[in-house]
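Undergrad: sequence and predicted model, in that order:
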Amino acid sequence: MVFSVVVISELLAFILTLAPMRLEYQRWNDLALISLFIQWNGLVGSVTLCALRPFLTRYSNQFAAIVSFLVLLLSITFISELTFSVLHYYLLTDMISAVTHWEFLLHNLLIGGIIGALALRYFYIQHQWRVKMESETCTKLQLLQARIRPHFLFNSMNTIASLTRTQPEVAERITEDLAELFRMLFKSDHEMIPWSSELHLCQRYIEIEKQRLGDRLQISWQVKSVPADALVPALLLQPLLENAIFHGIEPEINGGEIKVTGQFRNKQLILTVQNSHSQNIVHRQGNKMALENIRERLKTHYDGLARLACHEENDWYNVKLTIPYIKKESIKKDSSKTV
């Protein structure tokens, strides 16, 4: 916002410099003084409005707009009076074309009032656009999340159903694990959860699948270097594990292996899920829905700063996630920087 104020002020300074029909050399020398005067008006007005923000947020947009406009006029009056006094004290009034005190003040108020009103309107529209984009993003994330949760639940319930007759005690224990897992998942409305919670959720999911697949499912975790407080989208890793089991482990009589590795480099989390290949062509191809879903969620959460890459190498299928390191404190700081 401060950068925008500075740019708008400087553009106004250039307009005032270019306004006279005759462009004299002295006029370009005055550009520095004109810029200084306008920048002071813009920055003092912005600081005053920021100081009044806790007061203005209690009232309607119309009332806040009127008060903001009057505050800008008052700040222009103050800077104009101060400037005229300084020029008069140092006998430099010829620098403002020898206009009277009131002409100087009225001239500044008219120009400042018009530009101030346009600037307030610009920032209001920008704020409304940001609120709309955040609302659309939240809705989009909820829809993407809604695709994953039922799929996760149905697969887990199928596992329980398959064990109900043969191993009722195990089925009961898995049901309790599943209830605890979903209790953790739905305990808050936040889409971002700590990495430690996501890892615990995935490990519980793997334990449920191990009850169904037994020794056919082998998994190794190498994620100690990932900070536990790093925030990630909920159910980020679990769909990748589910894909690895469905496409690489289930089709094989002897099962297979999954490797989960995590690294922390250059303020980025690098998560990799590898699964041994299945010889079943249909299972190897899959429908790519989970991967596309995750790509969309990464794009929405991280605004293009996260990546998902897939490739096959030496009978292993590799999925690599690269996401920025974000902590809870960072989100609090960002949320406080609203206009």
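TA: Looks like it arrived, so ask away. Residues are numbered from 1 along each chain as shown.
Undergrad: mind pulling up the pLDDT for residue 149?
TA: Per-residue pLDDT puts residue 149 at 53.
Undergrad: ugh, wrong one, residue 193
TA: 85.
Undergrad: who's it bridged to?
TA: residue 232 (DSSP bridges).
Undergrad: so what does whatever helix or strand residue 172 lives in touch, helix or strand wise?
TA: Assigned by DSSP states H and E, residue 172 belongs to helix 168-185. Contact analysis of helix 168-185 by 3 or more Cβ pairs under 8 Å, 6 or more residues apart in numbering; DSSP states H and E lists helix 101-164, helix 195-213 as its packing neighbours. Backbone N, C-alpha and C define where each C-beta goes, glycine included.
Undergrad: report the buried residues of the last one.
TA: This means helix 195-213. Using 16 or more other Cβ atoms under 10 Å as the test for burial, helix 195-213 gives 195, 197-199, 201-202, 204-206, 208-213.
Undergrad: beyond the lowest-mean-pLDDT helix or strand in the chain, next helix or strand please.
TA: Taking mean pLDDT, DSSP states H and E as the measure, the chain has helix 281-285 as its least confident helix or strand, at a mean of 51. Following helix 281-285 in sequence order, the next helix or strand is helix 289-302 (DSSP H and E).
Undergrad: please identify the buried residues of whichever helix or strand comes after that next one?
TA: Next along the chain after helix 289-302, taking DSSP H and E as the criterion, comes strand 307-313. For strand 307-313, a neighbour-count test (16+ other Cβ under 10 Å) marks residue 308 as buried.
Undergrad: centre of the chain to strand 307-313, how far?
TA: Remark: strand 307-313 is offset 24 Å from the chain centroid, using Cα atoms, centre = their mean, to the nearest Å.
Undergrad: which elements pack onto that strand?
TA: The helices and strands touching strand 307-313, judged by 3+ Cβ pairs under 8 Å, 6+ apart, are helix 289-302, strand 316-324.
Undergrad: now tabulate these in JSON lines and tack on mean neighbour count, mean pLDDT and distance to residue 9.
TA: Below are the helices and strands packed on strand 307-313 laid out as JSON lines (neighbours: other Cβ atoms under 10 Å; pLDDT from 0 to 100; distance: least, Cβ to Cβ, whole Å):
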{"stretch": "helix 289-302", "mean neighbour count": "18", "mean pLDDT": "80", "distance to residue 9": "33"}
{"stretch": "strand 316-324", "mean neighbour count": "18", "mean pLDDT": "93", "distance to residue 9": "33"}
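Undergrad: with distance to residue 268 added, can I get those in TSV?
TA: Listed next are the helices and strands packed on strand 307-313 as TSV, based on distance: least, Cβ to Cβ, whole Å:
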stretch	distance to residue 268
helix 289-302	11
strand 316-324	6
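Undergrad: quick one: closest of those to residue 33.
TA: Proximity to residue 33, assessed across the helices and strands packed on strand 307-313 by Cβ to Cβ, is greatest for strand 316-324 (44.0 Å).
Undergrad: in which helix or strand does the closest residue in space to residue 117 that isn't next to it in sequence reside?
TA: Of all residues not flanking residue 117 in the chain, residue 69 sits nearest, at 6.2 Å (Cβ to Cβ, 6 or more residues apart in numbering). In the assignment (DSSP H and E), residue 69 maps to helix 61-89.
Undergrad: so which bits of that helix are buried?
TA: 64-65, 68, 71-73, 75-76, 79-80, 83-84, 87.
Undergrad: could you do stretch 218-231 as well?
TA: For stretch 218-231, burial by neighbour count (16+ other Cβ under 10 Å) applies to 219, 223, 226, 230, 231.
Undergrad: in three-state terms, label the first one for me.
TA: The local conformation at residue 219, judged by DSSP: H, G, I helix; E, B strand; the rest coil, is strand.
Undergrad: who are the contact partners of the closest residue to residue 81 other than its chain neighbours?
TA: Of all residues not flanking residue 81 in the chain, residue 105 sits nearest, at 7.1 Å (Cβ to Cβ, 6+ apart). With contact set as Cβ atoms under 8 Å, 6 or more residues apart in numbering, residue 105 has these partners: 77, 80, 81, 84.
Undergrad: and which of the residues you listed is nearest to residue 173?
TA: Once Cβ to Cβ is applied, the member of the contacts of residue 105 that ends up nearest residue 173 is residue 77, at 75.2 Å.
Undergrad: surely the closest one meets residue 109?
TA: Yes: judged on Cβ atoms under 8 Å, residue 77 makes contact with residue 109 at a distance of 6.8 Å.
Undergrad: about what we covered before: pick the most deeply packed of the helices and strands packed on helix 168-185.
TA: Compared across those, helix 195-213 shows the largest average neighbour count, a mean of 19 (mean count of other Cβ atoms under 10 Å).
Undergrad: pull the residues that contact that helix.
TA: 152, 156, 159, 162-163, 167, 170, 173-174, 177-178, 180-181, 184-185, 217, 219, 221, 223, 226-232, 234-238, 241-242, 245, 249-250, 255, 260, 269.
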